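[1] Predicted coordinates and the sequence they were generated for:
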2 protein chains.
Amino acid sequence: MTRPAPQPYRRIATEEAWAPAELLQRYRKLIAGNTLDDPGFNTMWGFYLAGTSERARHIERCMSDLDDIRLQHMEEAGIDMQVLALTAPGVHVLPREEAVAFARVANDELGDAVRRHPAKYAALAAIAPQDPEAAAREIERSVQTLGLKGVILNSHVQGEYLSDRKFWPIFEAAEAMDVPIYLHPNSPPKSMIGPMLECGLDGAIFGFGVETGMHALRLITSGVFDRFPKLQLMLGHMGEALPFWLYRLEYMHRATVNSKRYPAVQPLERSIGQVFRENILITNSGVAWEPAIRFTQQQLGADRVLYAMDYPYQYVIDEVKTLDAMDMPAADKAAFFEGNARRVFRL
Amino acid sequence: MTRPAPQPYRRIATEEAWAPAELLQRYRKLIAGNTLDDPGFNTMWGFYLAGTSERARHIERCMSDLDDIRLQHMEEAGIDMQVLALTAPGVHVLPREEAVAFARVANDELGDAVRRHPAKYAALAAIAPQDPEAAAREIERSVQTLGLKGVILNSHVQGEYLSDRKFWPIFEAAEAMDVPIYLHPNSPPKSMIGPMLECGLDGAIFGFGVETGMHALRLITSGVFDRFPKLQLMLGHMGEALPFWLYRLEYMHRATVNSKRYPAVQPLERSIGQVFRENILITNSGVAWEPAIRFTQQQLGADRVLYAMDYPYQYVIDEVKTLDAMDMPAADKAAFFEGNARRVFRL
């Protein structure tokens, strides 16, 4: 396998997963004790942590490392910089006090890693939405003291979504600190995973996109971006397909508002499409596919679509070469791989 | 409102809803009696049938008519022909024997309507999947005796999906009769609607696409198209966004098969993309949007993307004009509006 050739841009990968071994150990205990009523978590982490498959062993081997194999893999794949984030579901599955404490530990470790390898890493702050005020303070500490560049939100919190206003101090803090929130997939909660789990479609093949696309829509339709108009929300996996749904989202949102059918669906100050073009950023994690990337650039603007690899879940060197070869104006391609990340994360 | 101008093609709309007043009356009784443990059905049909909103009154007024207002609306919108189908959830919510009997009644009425207005209507056969063998016989009767042109499948059957092999006589009959099956959205079943319903995203804005996209994927990954390689499955709403997911579906299907994680996910004879290009047809119901139409034509071929209006749910004359104006080779546009429907339904 030859390395991707040098290009006129540096490659900054923006959705790259990490978890300290201590967190994986806590996941093991949750699964062994059958503590959580969360079939999605239990099946996915049960597979990765007990797994004997090549895929499971690769992921466990790479996930906790920040100094050896990860840097070697970046070198081999031509990745100049990774934006690190605590992998899903982060601390969302831990009890409240433990989650708050462990988010701090994780962020301290990420801050240390960035100091050890400042040219190689930037990082997003983990939070425990279970305690929204503590999460807001942790965003401030992570940005101001540790130099982290954004927030990772590992989607639902034991079945709760951040469209609930009790969580909105988190958005207030991110907007005030002027850092983006990356909404990363979680397994669908028990209240929606049923028919996906019974046929093996609960994970990255389909269920993640459903869960996270819905979360993003809940944030938009609940008025988060009316209240916090400067907030930037990042979505991976080509926006969980929401860019392809834009026409229907706009039409049906208007129709639903006009019908007065749901108290939860009220008029917004801007159309759904405007919110996408002003508040949403999209990465191509998991989707090394020019047609979807170009489609999304055309709908949201080339300044809103960013490169991501989804390491170590999708460590595929050929995908880097495929993306280098996209038929796209040089400025748009440089923005995709490097420029947009530098602007959004202030690197 | 002026009518759309004549074009070099006739406009055949392929996902057009109808329900006899008698079925709506049965829905009323199910809702009044709180008989079904199906929150999606109860909220949607509760809204339409009790509704005082303009949208609810429009839909109830147009849904059962086949001789007056519908023909007038077609004339006003420049629709030359409608392919009629019993609206969702059809007879899927009725008890088994009643469902089998009512599907026959509905198909007889559709056959009569086609005989009264042969230039204006074609129709799809309703079935009761609750009794797969009876459904298979009803497909044969509808095609051979009534002259119907395909099958409408209103998605899940009280929470069950047709990936279960007990339903496969339905696919066998459709393949043998050489007619397509149109997989139409249903509200997500109780086992997945929770977080969508609580924020008003359970319907056409999001939940329908999730439910029906998942059903299509279940059919593909369960091997329906290995067993019935000539079967054609139609998806509305730009394929419920599955064309935009194709890269990830292919990648993650391969990864899941290789991981041996799920007994339900086994190797297929062809890739997911091949199945889409050989067995799936897409209509643009609800999505009068050139970018998504062209994207899908590019991925599946211009011979696999068909026009639909989604009458009476989305009766918007301006959308016809928007689609007439698409920047597209004349042959592709004629295939979209007319030629593909003539071939697929043998009109």
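    Yep, that arrived. Numbering: from 1, shown residues only, chains lettered A, B, ... in the order given.
[2] Can you name the residues that contact the nearest residue to A:Gln298 once chain neighbours are set aside?
    Across the structure, with C-beta to C-beta, 6 or more residues apart in numbering or on different chains as the measure, the residue nearest A:Gln298 apart from its sequence neighbours is B:Pro291 (6.6 Å). Yep, even glycine has a C-beta here, placed from its N, CA and C like the rest. When contacts are counted by C-beta atoms under 8 Å, 6 or more residues apart in numbering or on different chains, B:Pro291 touches A:295, A:298-299.
[3] wait, does stretch A:270-288 make contact with chain B?
    Yes: for stretch A:270-288 and chain B, the contact criterion (C-beta under 8 Å from any C-beta of the partner chain) is met by A:286-288.
[4] Can you tell me which of these has the most neighbours?
    Scoring the residues of stretch A:270-288 next to chain B on neighbours with other C-beta atoms under 10 Å in any protein chain shown, the highest-scoring entry is A:Val287 at 28 neighbours.
[5] In chain A, where is pLDDT below threshold?
    A:1 (pLDDT under 70).
[6] quick one: the strands in it?
    Taking DSSP state E as the criterion, chain A contains strands spanning A:12-18, A:81-86, A:121-123, A:125-126, A:151-153, A:181-183, A:233-235, A:280-283, A:305-306.
[7] Distance check, the residue nearest the centre of chain A against A:Val83.
    The residue at the geometric middle of chain A, judged as the C-alpha nearest the mean C-alpha position with C-alpha atoms, centre = their mean, is A:His184 (2.8 Å). From A:His184 across to A:Val83, the span is 12 Å (C-beta to C-beta, to the nearest Å).
[8] which residues are in contact with both of the two?
    Counting by C-beta under 8 Å, 6+ apart, the shared contacts of A:His184 and A:Val83 are A:Glu15.
[9] just to revisit the earlier point, go through the contacts of B:Pro291 and say which is closest to chain B.
    A:Phe295 (5.5 Å; C-beta to the nearest C-beta).
[10] re the thing from before, can you say which of the contacts of B:Pro291 are buried?
    The neighbour-count test (16 or more other C-beta atoms under 10 Å in any protein chain shown) marks A:295, A:299 as buried among the contacts of B:Pro291.
[11] Can you tell me the closest non-neighbouring residue to A:Phe102?
    Skipping the residues right next to it in sequence, A:Phe102 comes nearest to A:Val91 by C-beta to C-beta, 6+ apart, at 4.9 Å.
[12] Quick check: the one you found vs A:Leu23, distance?
    Per C-beta to C-beta, A:Val91 is found 8 Å from A:Leu23.
[13] out of those two, which sits in the busier spot?
    Counted by other C-beta under 10 Å, A:Val91 and A:Leu23 do not tie: A:Val91 has more neighbours, with 27 against 22.
[14] quick one: the more buried one from A:Trp168, how far?
    Plainly put, A:Val91 is 19 Å away from A:Trp168 if you go by C-beta to C-beta.
[15] what about the nearest residue to A:Ala204 once chain neighbours are set aside, how many residues close to it?
    Excluding its sequence neighbours, the residue lying closest to A:Ala204 (C-beta to C-beta, 6+ apart) is B:Met252, at 4.8 Å. Other residues near B:Met252 number 23, with proximity taken as other C-beta under 10 Å.
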